[in-house]
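Novice: this is a predicted model, with the sequence first.
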Amino acid sequence: MYDERTMRVVVLISGSGSNLQALIDGAAADLPIRIRAVVSNEPSALGLERARRAGIEARALNHRDYPSREAYDAALGALIGAFEPGLVVLAGFMRILTPAFVARFRGRMLNIHPSLLPEFRGLHTHRRALEAGEPVHGASVHFVTEVLDDGPVVLQARVPVEPGDDPEKLAARVLKREHHIYPEAVRWFAQGWLRIDEDDRLWFGSQLLLQPLGLDADDRLWFGSQLLSQPLRLDAAGKLGLDSRVVLNM
Ligand code: GRF
C-alpha cells in the first residue's frame, strides 16, 4: 500500500480523535497517505490511543511544560519536522498557533472547523449557530494561515438544523459529516491537486477557486450549483471541467 506516491502526514490532536480515526481508516483503504505520527498537546487524549492501536507513533507534547506559546510551538515544529511530513493535519488541535509555526508549515497544513466558514470562527460554533437561528450549519476544511480559522476553504459539508436540535445533537451530526469531508480534502492534497499561493488564493489543479466545493448528505460533490461527477478527475489541462461561468481563470 505504501509507495513513493504515498504522502507522509503528521496529525495533531487534543482530544477524541474521531477525525484522526477517519484518516486512519482511509489510509488503511485507498487514501494515499501514510500517517507517520500523531501528536497531542493533551497527554490523556483518546486519539493517542487510537494511533497506538493502529501502529502509528503517538507522541504527547504537553503545552504546560513550556514557558511560552513560542517555546511550545518551536518544540512542536521540531518534533513534527523530524517526520518530514508533506502535510500536517490539524484534527481537533485546540491551540492557537504562533505566526512562526504557521509560516514553517504554510501551504501544507489543513484544519477542520465545525462551521460553514467564514461564519462562526472560534469556539462554541454549534451553540452560536443555534442562537443565531441558522437553518443550515456544517463544517469546513481549510488551509491554515496566520489568522485563526481564516485560510482558504477547500470543502464544506452543509448540515440542516432540525427542530429540537441542541448543541450536542447538532455537533454529533456535523461531526459525522466531518469524517467524510476531511479524508476527501486530504486525498486531493495528497494527489497534488490543492495548493495556496503567496496571496492566499486557492488553486485546484490549474484552476483558481473562489468558493469551496461542497459534499452533500449523499456524498455528492458540488461546486456552487454544479454537480460534479465522482470520483473527481482533472482533465489534461489540470482542470475540473467546471462550467466556466462559475470558475475564474480557466
Ligand atoms: C471537531 O468538531 C473538529 O471540527 C474540531 O474539533 C473537533 C474534533 O473532534 N476542530 P475529534 O477529536 O476529531 O473527534
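Specialist: Done, it's in.
Novice: so who does whichever residue of the chain sits closest to the ligand touch?
Specialist: Of all residues in the chain, residue 92 sits closest to the ligand, at 2.6 Å by CB to the nearest ligand atom. In short, each C-beta sits where N, CA and C put it, glycine included. Contact analysis of residue 92 by CB atoms under 8 Å, 6 or more residues apart in numbering lists 13-20, 47, 112.
Novice: with residue 134 instead?
Specialist: By CB under 8 Å, 6+ apart, the contact set of residue 134 is 119, 161.
Novice: make 24 the starting number, not 1.
Specialist: Taking 24 as the first residue, the last one we looked at is residue 157.
Novice: any idea how far residue 132 is from residue 32?
Specialist: Noted for residue 132: a distance of 11 Å to residue 32, by CB to CB, to the nearest Å.
Novice: among the contacts of residue 115, which are in helices?
Specialist: Under the assignment DSSP state H, the contacts of residue 115 contribute 41-43, 70 to helices.
Novice: dump the residues you listed into a markdown table; add neighbour count, distance to residue 255 and pLDDT as well.
Specialist: Shown next, in a markdown table, are these (neighbours: other CB atoms under 10 Å; distance: CB to CB, whole Å; pLDDT from 0 to 100):
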| residue | neighbour count | distance to residue 255 | pLDDT |
| --- | --- | --- | --- |
| 41 | 18 | 24 | 98 |
| 42 | 26 | 21 | 98 |
| 43 | 28 | 24 | 98 |
| 70 | 27 | 28 | 98 |
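Novice: among these, which are in reach of the ligand?
Specialist: 41-42, 70 (CB under 6 Å from any ligand atom).
Novice: per-residue confidence at residue 257?
Specialist: Residue 257 is assigned 88 on the pLDDT scale.
Novice: need the contact list for the closest residue to it other than its chain neighbours.
Specialist: Nearest non-adjacent residue to residue 257, counting by CB to CB, 6 or more residues apart in numbering: residue 228, 4.4 Å away. By CB under 8 Å, 6+ apart, the residues touching residue 228 are 216, 257, 261-263.
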